[in-house]
Every structure is written in C-alpha cells, then in structure tokens.
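J.: this one's sequence-less:
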C-alpha cells in the first residue's frame, strides 16, 4: 500500500478525518524535502558562501563576524535559506495537490501552467538580481562616503541584504503571473489592460525604481525587464482570455 497521499478528483467527497490525514501526509513530505535540502545545502555551504561573496569588492571578499558563534549561526541560516529555495517546488506541489480538487479540471490545468511559469520567472529574477542588480548596488554602497568611514561588512547583515535583493527582484518578476491570475479570475480583462497600458508601464517604472539598485544604471536595467514583462503579460492575456472564456462557457466582461 502506498504511503504517499492520494490526490482527490474534483468533486470527490472525503471525510474530515481523510482531509486531515492527507494534510498531515503532505506536511510530512514538505518537511522531509526541506530537511533533505538543508542537509545538501549545508554540505556545500562553503561553495554557497563563496557564490554570495563574489559581488563584493576585492577588499571585502571575506565578510567579518563579531562573536564566536556568529560564523556557525550565519552558515546555518544561509543554508536554511538555500534549502527553502531548493524545497519550494516540492512544497508548492504538495500545497497545489491538496487544493486542486476544489477547482474544475480545466482550471487545474491553467493553474499548473501558471505555477510552472511563476517558477521560471522566479529563477530568472534571482539570476537577474544576482548578476545585474547586486554588484552595482554593493559597489555604490561600499564606496558611499568612504572618506568618512572605516567600512567593514558584517557577514550576517550582508547575507540578509543579498537575500532581500534576490527575493525582491524575483518577486517583481512575477508581475505577469499576477496579471494573468487577475484575468483568469475575471477581475480585469485583456481589453482593460490594453486600454490602460500607459498606467501599467508607469507602475512598473515605479516598482523598478523601488528595487534595491541605487545607481542610475542598475535602476534603468531594473525598469526595462519589468516593462517588457508587463507588455508580455498583456499579450498572453489577450491570447489566453478567449480560451478561458470558452472553457467556462461565459462571454467576455464589458470593457
């Protein structure tokens, strides 16, 4: 008998005890995936720290610590962040498998594609943040008023900042998923997006400016992909909305 939780079909009835049993099994799978990912991340945490340290200027390649326990706790926290990132696909899949029976079959397929799309965009956002946003931001900040300060970089604070940058850029890259979800839920229409494209581009520009890039070049480099992703989301919404409407058997909302 399989120990893996069985995914219910849409409309299939189950008792409260069965739902709780399935939820417990999926939580155990998610926590087990996180534990395995943490073991792997900690085994290679030296390589991970070297990777995070590469954007630092040459004189700051080894961040400092200020307590005997800080090197250990910092390495553990960095490994935990990496483990959470590695285990996210499993965690999201278990969450989706638990919630999927509440949706009709055609909506399940749409949501699965959106999740896959969100994963690709998130990875692209992490890569963009690491190679494009983080290096110039670090260079600017470590040289700001350097004649007035003795600048040291604390390991714990730097890794938190790097995580904030990468997560922030990855989240901003999820704009098309957010827009498509609004269209899928019939909150907005593709026609409305097309008619208000100027306002949408303005919002994307503001988001790009608010990202951690602090110099003009990295700010511009942040705005360009966000505007491109927003235009892409309008195109995808225009292409997918008629299919979603025909599947649901409804007519488009008035503009």
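T.: All right, it came through fine. Every value quoted in this text rests on a predicted model; they were computed, and no experiment measured them. Residues are numbered from 1 along each chain as shown.
J.: Output the contacting helices and strands for the helix or strand containing residue 74.
T.: If you go by DSSP states H and E, residue 74 is part of helix 70-99. Helices and strands touching helix 70-99, by 3 or more Cβ pairs under 8 Å, 6 or more residues apart in numbering; DSSP states H and E, are helix 16-43, helix 45-53, helix 105-128, helix 155-172. No exception for glycine: its C-beta is placed from N, CA and C like everyone else's.
J.: how far is it from where the chain is centred?
T.: Relative to the mean C-alpha coordinate of its chain, helix 70-99 is positioned 12 Å out (Cα atoms, centre = their mean, to the nearest Å).
J.: Spit out the contact partners of residue 82.
T.: 37, 41, 45, 48 (Cβ atoms under 8 Å, 6 or more residues apart in numbering).
J.: For residue 67, see how far away it is.
T.: 23 Å (Cβ to Cβ, to the nearest Å).
J.: now do residue 141
T.: Applying Cβ to Cβ to residue 141 and residue 67 gives a distance of 24 Å.
J.: Which of those two has more residues huddled nearby?
T.: residue 141 (14 against 9; other Cβ atoms under 10 Å).
J.: In which helix or strand does that one reside?
T.: Going by DSSP H and E, residue 141 is in helix 134-143.
J.: which ones are touching residue 165?
T.: 129, 133-134, 137, 211-212.
J.: Pick out the most distant pair among those residues.
T.: Greatest spatial distance in those: 134 and 211, 10.8 Å, computed using Cβ to Cβ.
J.: Columns neighbour count, distance to residue 23 and pLDDT on top of the contacts of residue 82, output as a markdown table?
T.: Below are these laid out as a markdown table (neighbours: other Cβ atoms under 10 Å; distance: Cβ to Cβ, whole Å; pLDDT from 0 to 100):
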| residue | neighbour count | distance to residue 23 | pLDDT |
| --- | --- | --- | --- |
| 37 | 21 | 21 | 97 |
| 41 | 23 | 26 | 97 |
| 45 | 17 | 32 | 96 |
| 48 | 18 | 32 | 96 |
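J.: Could you pull up the mean pLDDT of the helix holding residue 141?
T.: Throughout helix 134-143, pLDDT has a mean value of 87.
J.: chain center to the longest helix along the chain: distance?
T.: Longest helix in the chain by number of residues, with DSSP state H as the criterion: helix 216-248. In terms of Cα atoms, centre = their mean, the centre of helix 216-248 is found 16 Å from the chain centre.
J.: Could you list the buried residues of it?
T.: 218-219, 221-223, 225-227, 229-231, 233-234, 236-237, 240-241, 244 (16 or more other Cβ atoms under 10 Å).
J.: still on that earlier bit, the contacts of residue 165 into a markdown table, with extra columns for distance to residue 117 and neighbour count?
T.: Output for these, formatted as a markdown table (distance: Cβ to Cβ, whole Å; neighbours: other Cβ atoms under 10 Å):
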| residue | distance to residue 117 | neighbour count |
| --- | --- | --- |
| 129 | 19 | 26 |
| 133 | 22 | 24 |
| 134 | 24 | 23 |
| 137 | 27 | 22 |
| 211 | 21 | 21 |
| 212 | 24 | 20 |
